[in-house]
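Colleague: I would like the atomic coordinates for the input below:
(chains A and B)
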Protein chains: 2
Amino acid sequence: MERVTATYLVETPLPVAQAAASLAGEQSSGTFVAVPGETAELKQRYAARVEKIMELESVTTPAMPTGRPPAASYHRAEVVVSWSVENFGVNLPTLVSTLQGNLYELAQFSGLKLMDFTVPPSFAAHYRGPAFGIAGSRRLTGVTGRPLIGTIIKPSIGLSPAQTAAMVKELIEAGIDFLKDDELMADPPHSPFDARVDAIMAVINVHADRTGKKAMYAFNLSDELDPMLRHYDKVVAAGGTAGMISLNSVGLGATKKVCDRGALAIHGHRNGWGMLNRHPLLGIEFPAYQKLWRLAGVDQLHVNGIANKFWESDDSVVRSIASCLAAEPLGTPVLPVVSSGQWGGQAPETWRRTQTTDLLYMAGGGIQAHPDGPAAGVRSLQLWWQAAAEGCSYEAALAKYPALAKSALKFGGSL
Amino acid sequence: MERVTATYLVETPLPVAQAAASLAGEQSSGTFVAVPGETAELKQRYAARVEKIMELESVTTPAMPTGRPPAASYHRAEVVVSWSVENFGVNLPTLVSTLQGNLYELAQFSGLKLMDFTVPPSFAAHYRGPAFGIAGSRRLTGVTGRPLIGTIIKPSIGLSPAQTAAMVKELIEAGIDFLKDDELMADPPHSPFDARVDAIMAVINVHADRTGKKAMYAFNLSDELDPMLRHYDKVVAAGGTAGMISLNSVGLGATKKVCDRGALAIHGHRNGWGMLNRHPLLGIEFPAYQKLWRLAGVDQLHVNGIANKFWESDDSVVRSIASCLAAEPLGTPVLPVVSSGQWGGQAPETWRRTQTTDLLYMAGGGIQAHPDGPAAGVRSLQLWWQAAAEGCSYEAALAKYPALAKSALKFGGSL
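Modeller: Predicted coordinates for the structure are as follows:
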């Protein structure tokens, strides 16, 4: 029988093998005391297996409270556990309950983080994965050979549909490839969803008819399920090509339902991610996280960016981009969305470290606060990426393209 | 305009007022640089407001990495922030993105936890809350004046529908009020959902016809949305009264869609909770968490139990029970589900500290591993609660009811 395998980083006051065994028990056939029905045959078939333990350092202070008296030392280790797919069948939420359920509450651990997991090849028969992904997002926007350049409508909240549409018009005339609503706003009284779609798609469709280039606008679908589906249909009917979902807020069940429709590219916003990831010994790492959302069918997924305004390190961003571009689990990569404090000056370093232009490179303030206006902001981003893909360093880009100086001066890059 | 208010516990290397202002900005109209459209009028209307700051201790080691050079000290504080409901409209996922979105990633904080929030009275016009809750769960099971006594089918995984039904028969004949699937198993090949419902409801319905008492069985609905709704209908058609959802795995959107149907009591399992709550300075506290799920319409919600097998303290369990029983936000409390390592011996302390019997008191191994079999396990739990509600201490209960000694001996309580 095929198995799902998960890798955890753990910390425990117990011998690691003993703690790992209790994790495997809790997450399969066990309870806190042996029960009559738990036969040897049943255990053999359904019990989770500890496949591998790699011991790491020990420390004297636990990463997390255990609710137990202090121990002399806490042992860190990488632990690999596997389950028969027969345990949960084809059922993403129950896979999540298996990989990320009660185990975080076990007193046997003072730290536990899901680092990665693998699913067997048969999952490809049940899960399509991203219907659009990188290739589809490029096809819909007509962008080749460089990252899609995108922006977030700012201010996040408060613009009317007409004001938003006017801003969209300016940005698409400047050549923007992608735009999106802010995640804080979906269908509020001051910008009702349908009115916003009508106002914005009128602008986008007119421009597309005239130029052949249709900008992708990810309308924020995030809502309770019925309005989400209604809004989805509205976007499709208006000729739109994308919708956005706040993945952690909407959740796996409703997100998959929306992705399954397959008519719009789904832009996956990961707001709330810090809660799941920020502690080094609690939660989930991005390589595991992005697999869950690829299985659900998300096409574009946020990864932060180089020198972002958040706490995340460049190393972590680079790892996240690599995991999005990997073929596993379903053969279809998800388009990494680079954002957070981006203004173009990070393009050379992004290219140097990832060697890819398969990115959606997003700037909000970095475009709309450009000294010469949003249109100049878009051109500046395109030029930064042209320089980056030519192999220019930050300094070389500024030397070769003097037009970049204004953005560098405004957004705090050195000249 | 009505406002939503949230209380956070934060830790920051910056002056607290400055950090709080950046939180409010990130979660409303701001970006990392001022943009042209962000007028004073728009800010006045849509900007989040810092309502109150209560400074707490300072520490020299940050709770969480900030991605920035070390600071001399990190200041802890309780911060109250408010938003106009106009920002998000009536939209639970977008409320979550506002309360729990990007803010966890801000480098300005080395710790951030959502402690509680309040919604304005108008929410009651949009959200029904628990359709059953405490009163409905009592009505469906016919239990008054004591906690509902419940059990989890164990072993968690591996029993066939017929084996499960045989176990259910024994337990309901012993007088159990409530049973549930394990969260690790919903619709696996060895126990297909429909076959399990048929086998179990046949037993429950026969017993109900004969005795007038229908045990509530919470079938694990957790799945992708379409099968969840199909399984829901199956349970209703078979005469069942409840379904279980792994809330964190299924997510808010699909859970609300299921709750909205209103024909089954929804048992909310919080597996994965440790990931969201275990660190004292990251994530969300239960008083806030339970409000979100009450707004979605969950009827019963897990809170762990006194002396549980997990890391959670008794104080935290007691606080969680109190928050479930509070009328806010919608006037309808949610039934607290006490579980994890429970066997009855914790009943006196549970009663002493909560003074309520409005509980669903669950034991898995604590019933099924009873030395005289599951039926004796059920009777033992009932007797423990009878003693507890009579005001007996643990010792007094054992002295008054000698039949309790066997459970005490088996499950590690002192005699």
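Colleague: Please count neighbours and contacts with C-alpha atoms only from this point.
Modeller: Fine.
Colleague: Please, where are all the strands along chain A?
Modeller: A:3-12, A:49-59, A:74-84, A:111-118, A:148-152, A:178-180, A:216-220, A:242-246, A:265-269, A:282-284, A:300-302, A:335-338, A:360-362 (DSSP state E).
Colleague: Quick one: list the elements packing against the last one.
Modeller: Translated: strand A:360-362. Secondary-structure packing of strand A:360-362 (3 or more Cα pairs under 8 Å, 6 or more residues apart in numbering or on different chains; DSSP states H and E): strand A:148-152, strand A:335-338.
Colleague: What residues sit buried inside it?
Modeller: A:360-362 (16 or more other Cα atoms under 10 Å in any protein chain shown).
Colleague: What parts of the stretch 1-150 of chain A come near chain B?
Modeller: Listed as neighbours of chain B in the stretch 1-150 of chain A under the rule Cα under 8 Å from any Cα of the partner chain: A:27-38, A:42, A:45-46, A:64-68, A:86-94, A:96-98, A:100-107.
Colleague: Filter these down to the ones in helices?
Modeller: A:42, A:45-46, A:92-94, A:96-98, A:100 (DSSP state H).
Colleague: A:Lys180 contacts A:Ala218, doesn't it?
Modeller: Yes - counting by Cα atoms under 8 Å, A:Ala218 is a contact partner of A:Lys180 at 4.6 Å.
Colleague: what sits against A:Leu56?
Modeller: Contact analysis of A:Leu56 by Cα atoms under 8 Å, 6 or more residues apart in numbering or on different chains lists A:75-78.
Colleague: can we see that at 7 Å?
Modeller: A:76-77 (Cα atoms under 7 Å, 6 or more residues apart in numbering or on different chains).
Colleague: Whichever of the residues of the stretch 1-150 of chain A next to chain B end up buried, select them in PyMOL.
Modeller: Buried residues within these, by 16+ other Cα under 10 Å, are selected in PyMOL with:
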select buried, chain A and resi 27+28+29+30+31+32+35+37+38+45+46+64+65+66+67+86+87+88+89+90+91+92+93+94+96+97+98+100+101+102+103+104+105+106+107
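Colleague: what does the stretch 151-300 of chain A put close to chain B?
Modeller: Proximity of the stretch 151-300 of chain A to chain B, by Cα under 7 Å from any Cα of the partner chain, involves residues A:155-158, A:183-189, A:222-225, A:249-254, A:257, A:271-272, A:274-276, A:279, A:282-283.
Colleague: among those residues, which are in helices?
Modeller: A:225, A:249-250, A:252-254, A:257, A:274-276.
Colleague: And these, which of them are buried?
Modeller: A:225, A:249-250, A:252-254, A:257, A:274-276.
Colleague: A:Phe132 reaches A:His267, doesn't it?
Modeller: No - if you go by Cα atoms under 7 Å, A:Phe132 and A:His267 don't touch, sitting 10.3 Å apart.
Colleague: which of the two has more neighbours?
Modeller: Between A:Phe132 and A:His267, counted using other Cα atoms under 10 Å in any protein chain shown, the more crowded position is A:His267 (28 against 24).
Colleague: circling back to that earlier point, among the ones in helices among the residues of the stretch 1-150 of chain A next to chain B, which one lies nearest to B:Asp198?
Modeller: Using Cα to Cα, A:Thr94 is the member of these that sits closest to B:Asp198, with 21.4 Å.
Colleague: ok, now which ones touch that closest one?
Modeller: A:88, B:184-185, B:222-223.
Colleague: got it, and A:Leu276?
Modeller: A:283-284, B:275-276 are the contacts of A:Leu276 under Cα under 7 Å, 6+ apart.
Colleague: Adding pLDDT and distance to B:Pro333 as columns, could you present the residues you listed in JSON lines?
Modeller: Shown next, in JSON lines, are the contacts of A:Leu276 (pLDDT from 0 to 100; distance: Cα to Cα, whole Å):
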{"residue": "A:Gly283", "pLDDT": "98", "distance to B:Pro333": "30"}
{"residue": "A:Ile284", "pLDDT": "98", "distance to B:Pro333": "32"}
{"residue": "B:Met275", "pLDDT": "97", "distance to B:Pro333": "25"}
{"residue": "B:Leu276", "pLDDT": "98", "distance to B:Pro333": "22"}
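Colleague: Low-confidence ranges, chain A, go.
Modeller: A:30-36, A:413-415 (pLDDT under 70).
Colleague: which residues touch stretch A:164-180?
Modeller: Under Cα under 7 Å, 6+ apart, the answer for stretch A:164-180 is A:141, A:148-153, A:199-200, A:203, A:215-219, A:374-375, A:378.
Colleague: make that stretch A:77-86, sorry
Modeller: Residues contacting stretch A:77-86 (Cα under 7 Å, 6+ apart): A:1-11, A:24, A:46, A:48-56, B:188-189.
Colleague: which among those end up buried?
Modeller: The buried subset of those - by 16+ other Cα under 10 Å - is A:3-11, A:24, A:46, A:48-50, A:53, A:55, B:188.
Colleague: any idea how chain A splits into domains?
Modeller: In terms of domains, chain A is parsed into A:3-124, A:133-411 (source: automatic domain parsing).
Colleague: Out of those, which is closest to B:Gln386?
Modeller: Using Cα to Cα, the domains of chain A put domain A:3-124 closest to B:Gln386, at 24.5 Å.
Colleague: Determine how far the last residue of the closest one lies from the first.
Modeller: 14 Å (Cα to Cα, to the nearest Å).
Colleague: how far out from the middle of the chain is that domain?
Modeller: Relative to the mean C-alpha coordinate of its chain, domain A:3-124 is positioned 25 Å out (Cα atoms, centre = their mean, to the nearest Å).
Colleague: cool, and stretch A:214-229?
Modeller: For stretch A:214-229 - counting by Cα atoms, centre = their mean - the centre lies 17 Å from the chain centre.
Colleague: What lies in contact with it?
Modeller: Taking Cα under 7 Å, 6+ apart as the rule, stretch A:214-229 contacts A:141, A:172, A:176-181, A:183, A:186, A:204-205, A:208, A:231-232, A:240-246, A:250, A:254, A:258, A:267, B:91-94, B:253-254, B:257.
Colleague: For it, buried residues please.
Modeller: So stretch A:214-229, judged by 16+ other Cα under 10 Å, has buried residues A:214-225, A:228-229.
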